[in-house]
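In: Please find the sequence and the predicted model below.
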Amino acid sequence: MSDGTNLPLAGMRVLDLTRALSGPFCTAILGDLGADVMKVESAATGDMSRTWGPFVGEESTFYLSANRNKRSMALDFRSPQAPEILKRMALSSDVVVENFKPDTLKKMGLDPDLLRLEKPGLIIASISGYGSSGPLSSRPGFDQIAQGHAGFMSVTGAEETGPARVGVPIGDMTAGMWLAIGILSAWISRQRGGPGQFVETSLLSSLVGLLGVQGQRYLSLGQVATRTGNAHPVIAPYGTFHTADGLMNICVATQDMWQKFCGIINRPEIELDSRFCRNHDRVAHREELRELIEAELVRHNRQEWTEMFLDIGIPAGPINTVSDALEDLQVGHLGLVETHSHPTLGELRQLSNPLNLETNSTGWIRRSPPLLGQHSRELLAELGFSRDDIAGFEINDVVRATSVTTGSDQVVKAK
């Protein structure tokens with residue numbers, strides 16, 4: 001495993017004041033790419049996600065999912081010493097990332113404008129629920145609420161189920177991704193001699209930005225998209241179909257594919273049927289077409305159909321469970337799951353970064369998700385506090401320090 005010095009963000013120092021998911025997901029991406037991420041958490045409880053199950057041992061799987069490649073300091077934010085500690089951390093950093101409600105940083109003694117006066121190159125990056133200004137800016141940000149507000153749920157699910165949330169917290173995660181892109185842009189600008197910048201996004205912004213063709217349909221044509229379940233809204237047949245042993249996905253995206261499809265399901269006559277001749281005809285008669293197709297698909301199972309469709313150039317594939325996907329041979333080949341050593345859990349399998357870089361061929365996870373306060377002493381020493389200072393902080397509960405005696409940050413294997 002690389003020590004990170006060959007990674008593109010080696011040398012970037014990040015103060016991570018985020019919690020839950022959107023901000024931690026952003027800083028995990030930065031950590032993957034080589035940044036030194038200093039995560040500051042409440043000494044009493046830590047990141048709120050540490051309390052969200054399910055748990056493996058005493059560790060939250062929710063917390064584990066978004067906090068690799070970081071160091072943890074546990075700090076009593078209400079202590080008189082906290083503002084000085086946080087200010088030293090901010091001014092020793094290149095990037096400060098937070099996902100509090102607007103103006104919270106200022107209340108913590110970290111006025112962004114004053115920090116930038118002392119360090120003009122500082123990049124300050126924020127995620128909120130609805131933005132830092134505007135009529136809804138004071139509202140808290142929660143993924144499902146944002147999914148509903150952004151119109152995302154209105155196009156997810158089927159008519160019979162009603163609106164549905166996406167099965168992962170996509171607003172949180174995409175907000176984190178957008179913010180990481182913004183931070184990288186500000187970092188590149190700074191490397192070219194520009195000043196630091198304020199970078200901002202929100203859960204609402206990230207989801208509206210993902211409306212894609214459904215958003216463009218409304219903006220250009222006034223068409224309000226509705227739920228189509230697992231069927232593609234403008235292409236048919238394209239979606240989920242029953243076979244002899246369950247559901248599979250089939251994509252017949254072109255007229256050439258349609259001709260081949262009719263032949264392989266042994267219904268060549270429907271190619272020129274007026275109900276199905278062109279794509280817009282097939283969309284208009286989608287349910288009739290589905291019944292006809294599924295009457296033929298029961299002749300074989302999903303695997304057999306997948307191979308037959310792929311052989312003639314029609315995209316098709318299984319609908320995997322999460323366990324199916326994470327144990328899949330191709331997923332393993334791509335290195336999307338890594339195994340490393342955790343201080344209390346031993347060998348820990350985790351999702352890895354999905355990028356491939358030519359200069360990084362040995363995996364992404366250099367540090368396991370830290371225990372609360374695992375690096376408190378180490379970070380305070382780097383900030384110039386003496387041993388006596390640090391001991392005093394611990395005695396007075398300003399910080400919490402967790403000792404780790406094993407070489408827990410070393411990756412033992414990757415697959």
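Out: Great, that's in hand.

In: For the residue nearest to residue 238 when sequence neighbours are not counted, give me its contacts.
Out: Setting aside the residues directly before and after it, residue 238 is nearest to residue 232 in space (Cβ to Cβ, 6 or more residues apart in numbering), at 3.7 Å. Heads up, the C-betas are built off the backbone N, CA and C, glycines and all. Contact partners of residue 232, counting by Cβ atoms under 8 Å, 6 or more residues apart in numbering, are 238-239, 251.

In: Then residue 121?
Out: Contact partners of residue 121, counting by Cβ under 8 Å, 6+ apart, are 94, 190, 195-196.

In: go again using 6 Å as the cut-off
Out: Taking Cβ atoms under 6 Å, 6 or more residues apart in numbering as the contact definition, residue 121 lies against 190, 196.

In: and it, what are its phi and psi?
Out: Per-residue torsions, residue 121: phi -80, psi 0 (degrees, to the nearest 10).

In: What score does it have for pLDDT?
Out: Looking at residue 121, its pLDDT reads 97.

In: do residue 405 as well
Out: Per-residue confidence at residue 405 stands at 69 (pLDDT).

In: just residue 3 next, same as before
Out: Looking at residue 3, its pLDDT stands at 74.

In: nearest spatial neighbour of it, skipping sequence neighbours?
Out: Excluding its sequence neighbours, the residue lying closest to residue 3 (Cβ to Cβ, 6+ apart) is residue 366, at 6.9 Å.

In: What about the contacts of residue 232, which are in strands?
Out: Judged by DSSP state E, the contacts of residue 232 include 238-239, 251 as members of strands.

In: Name the spans of this protein whose pLDDT lies under the cut-off.
Out: Counting by pLDDT under 70, the ranges of the chain that qualify are 1-2, 405-415.

In: need the longest helix for it.
Out: The residue-count maximum for a helix in the chain (DSSP state H) belongs to helix 170-191.

In: what does that helix contact?
Out: Contacts to helix 170-191, defined as Cβ under 6 Å, 6+ apart, come from residues 21-22, 25-26, 29, 95, 121, 123, 125, 127, 143, 146-147, 197, 199, 201, 203, 206-207.

In: related to what we said a few turns ago, by neighbour count, which of the contacts of residue 232 wins?
Out: Using other Cβ atoms under 10 Å as the neighbour criterion, residue 238 leads the contacts of residue 232 with 22 neighbours.

In: so that residue touches residue 254, yeah?
Out: No. Applying Cβ atoms under 6 Å, one finds residue 238 not in contact with residue 254, separated by 10.6 Å.

In: any idea how far residue 25 is from the spatially most central residue of the chain?
Out: The residue lying closest to the centre of the chain (Cα atoms, centre = their mean) is residue 173, at 3.3 Å. For residue 173, the distance to residue 25 (Cβ to Cβ, to the nearest Å) stands at 5 Å.
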